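**Student:** My questions concern the predicted model and sequence given below.
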Amino acid sequence: NSVSTLHFLVMTCYVFAHPMILASLGIITEMGNDRSMWTWLTSVLSLKGLALINGTQMITSLGCEAVERASAIARQADIVAALTLEVLKGTTKAFDTDIHAVRPHRGQAEVAFRFRSLLDSDHHPSEIAESHRFCDRVQDAYTMRCCPQVHGVVNDTIAFVKDIMTTEINSATDNPMVFAERAETISGGNFHGEYPAKVINERRIERLCNPSLSELPAFLVTEGGLNSGFMIAHCTAAALVSENKALCHPSSVDSLSTSAATEDHVSMGGWSARKALRVIEHVEQVLAIELLAACQGIEFLRPLRTTTPLEKVYDLVRSVVRPWMKDRFMAPDIEAAHRLLVEQKVWEVAEPYIEKYRREHIPESRPGSPTAFSLGSLERKIHDGHSHRHHNEL
């Protein structure tokens, strides 16, 4: 009828101007028949209707989802990276406590701690680590050595955004604001979404797939001439990372004036929040590919075993994805690994070992190779040298 048609046209027009209409439509259209609905609207839309479509509710709700998903994937990224480092036979000296004590960013220190808790072969004996304890490699590539610095700033940024979102969801963002105790209504700008508006994984996949860097079969598969292995999966990860580069362009810098220059600076935060969720989805997919690649790398190091927590992660993956013996359709495998990450199964498996390590306050990582040195021993040598020189001067 004419009322329904008018309702549809009004809602259609406003849906493009006010994204929150999408959320409020469900509330409005469930109120009964057309006549009773419009009767209800006359009592609500004077102010509460505006609250449904104005303010930062959509930006903040999507932002909160993004923060929670980002926190989950950031924790699990440390676990997957530790497994990759083990497969590539890397050293844990870069995660030494003293290294991160002299640059004490909270996120960086926490990531380094997680690496130590998962890779400490004194606490969790690792046959893989023992096999290269006295290798001649001085240091690993940035993608492995700098994980605490790179992953750490991500954790710090997530914490920063979480603080903003926590404030935002406990704020009044309506306009105008009614202050009953003052018997006053004031038009303000709390509706503005600028506050809530504001990758290294793929490079590690490259190191796993590249035989000159990993000392593993090319693309992590036997009979390389007949099988492409993880080559296409790596291309998928690279494409997702490339797309993320464009998605990470901040929408909040592209404000456009609307409403006859009354709304002359807007946050574009709705698009920012939607892009953030898409970026997180891509990161989850890339990390899923790295997780599969790292577990495939383990196959070529058998019968050697890694640390207990990383073996648990390997067993978890193998419970849903079998090893690659020859090429097969990879999408179901990636989706299965992705599901483990989304459901935080990888974190659930590793967290007890991380927290147990934390409780025991184990200070250091695995023994170093002859190419590594202890900061403590270096300090003692410097001190002994100064003492000897002072004695000679006397």
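**Tutor:** Now that the structure is in, tell me what you want to look at.

**Student:** Give the helix, strand or coil label for Phe134.
**Tutor:** coil (DSSP: H, G, I helix; E, B strand; the rest coil).

**Student:** What is the neighbour count of it?
**Tutor:** 11 (other C-beta atoms under 10 Å). (Each C-beta comes from the backbone N, C-alpha and C, glycine too.)

**Student:** Let me know the pLDDT of it.
**Tutor:** Phe134 is assigned a predicted lDDT (pLDDT) of 74.

**Student:** From Leu83, how far out is it?
**Tutor:** Phe134 sits 23 Å away from Leu83, going by C-beta to C-beta, to the nearest Å.

**Student:** So for whichever strand or helix holds Thr60, what gets flagged as buried?
**Tutor:** Secondary structure from DSSP states H and E places Thr60 in helix 57-87. For helix 57-87, the neighbour count (16 or more other C-beta atoms under 10 Å) marks 57-64, 66-67, 69-87 as buried.

**Student:** pLDDT on the next helix-or-strand element following it, on average?
**Tutor:** Sequence-wise, the next helix or strand downstream of helix 57-87 (DSSP H and E) is helix 97-101. For helix 97-101, the mean pLDDT works out to 88.

**Student:** In CSV, list the C-alpha atoms belonging to helix 97-101.
**Tutor:** The C-alpha coordinates for helix 97-101 follow below in CSV (Å, rounded to 0.1, in the frame of the first residue of the first chain):
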residue,chain,number,x,y,z
THR,A,97,65.6,-11.1,27.7
ASP,A,98,68.3,-8.4,27.8
ILE,A,99,67.9,-7.5,24.1
HIS,A,100,64.3,-6.5,24.8
ALA,A,101,65.0,-5.0,28.2
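
**Student:** Leu62 contacts Arg278, doesn't it?
**Tutor:** No. Contact status for Leu62 versus Arg278: not in contact, 10.7 Å apart, counting by C-beta atoms under 8 Å.

**Student:** list the buried ones in the helix or strand where Thr166 lies?
**Tutor:** Using DSSP H and E, the element containing Thr166 is helix 147-169. By neighbour count on 16+ other C-beta under 10 Å, the buried set for helix 147-169 is 147-152, 154-155, 158, 161-162, 164-165, 168.

**Student:** angle of it against helix 57-87?
**Tutor:** Our comparison of helix 147-169 with helix 57-87, counting by axes from the mean of the first three to the mean of the last three C-alpha atoms, to 10 degrees, yields an angle of 160 degrees.

**Student:** ok, and what's touching helix 147-169?
**Tutor:** 56, 60, 63-64, 67, 70-71, 74, 77-78, 81, 85, 94-95, 100, 105-112, 115, 195-196, 198, 200 (C-beta atoms under 8 Å, 6 or more residues apart in numbering).

**Student:** Sketch out the strands for this structure, chain order is fine.
**Tutor:** Under the criterion DSSP state E, the chain carries strands at the ranges 177-179, 184-186.

**Student:** Any idea which of those strands has the lowest pLDDT on average?
**Tutor:** When the strands of the chain are compared on mean pLDDT, strand 184-186 scores lowest, with a mean of 46.

**Student:** which regions of the stretch 101-250 of the chain sit below the pLDDT cut-off?
**Tutor:** Applying pLDDT under 70 to the stretch 101-250 of the chain flags the ranges 170-207, 210-220, 222-226, 249-250.

**Student:** Which residue ranges make up each domain of this protein?
**Tutor:** As assigned by automatic domain parsing, the chain contains the domains 2-53, 57-378.

**Student:** the helices in the stretch 201-350 of the chain, which residues?
**Tutor:** 211-214, 231-247, 269-299, 308-318, 331-342, 345-360 (DSSP state H, counting those that start in this stretch).

**Student:** Compile those helices into a markdown table and extend it with columns for distance to Leu119 and mean neighbour count.
**Tutor:** Shown next, in a markdown table, are the helices of the stretch 201-350 of the chain (distance: least, C-beta to C-beta, whole Å; neighbours: other C-beta atoms under 10 Å):
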| stretch | distance to Leu119 | mean neighbour count |
| --- | --- | --- |
| helix 211-214 | 17 | 13 |
| helix 231-247 | 24 | 17 |
| helix 269-299 | 13 | 23 |
| helix 308-318 | 8 | 20 |
| helix 331-342 | 20 | 17 |
| helix 345-360 | 10 | 16 |
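
**Student:** To His123, which of these lies closest?
**Tutor:** Taking C-beta to C-beta, helix 345-360 is the member of these nearest to His123, at 6.7 Å.

**Student:** List of residues touching the closest one?
**Tutor:** Outside helix 345-360, the residues that touch it by C-beta under 8 Å, 6+ apart are 72, 75-76, 79-80, 113-114, 116-118, 120, 123-124, 291, 308-310, 312-313, 316, 340.

**Student:** Equivalent analysis for stretch 281-289, please.
**Tutor:** Contacts for stretch 281-289 (C-beta under 8 Å, 6+ apart): 69, 73, 76-77, 80, 199, 201-202, 205, 230, 233-234, 236-237, 240-241, 243-244, 247, 334-335, 337-338, 340-342.

**Student:** swap in stretch 115-125?
**Tutor:** 78-79, 81-82, 85-86, 92, 95, 97, 126, 129-130, 147-148, 307-310, 350, 353-354, 357-358, 360, 362, 364-367.

**Student:** Not counting residues beside it along the chain, what's closest to Asp132?
**Tutor:** Small correction: residue 132 is His, not Asp. Nearest non-adjacent residue to His132, counting by C-beta to C-beta, 6 or more residues apart in numbering: Lys89, 4.6 Å away.

**Student:** can you pull the buried residues of stretch 121-135?
**Tutor:** Here stretch 121-135 shows Ser121, His123, His124, Ser126, Ile128, Ala129 as buried, counting by 16+ other C-beta under 10 Å.

**Student:** need those in JSON lines with distance to Val346, can you?
**Tutor:** Output for the buried residues of stretch 121-135, formatted as JSON lines (distance: C-beta to C-beta, whole Å):
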{"residue": "Ser121", "distance to Val346": "21"}
{"residue": "His123", "distance to Val346": "20"}
{"residue": "His124", "distance to Val346": "17"}
{"residue": "Ser126", "distance to Val346": "19"}
{"residue": "Ile128", "distance to Val346": "19"}
{"residue": "Ala129", "distance to Val346": "21"}
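
**Student:** Just the closest of the residues you listed to Phe300, please.
**Tutor:** Relative to Phe300, the closest of the buried residues of stretch 121-135 is Ile128; by C-beta to C-beta it sits at 11.0 Å.
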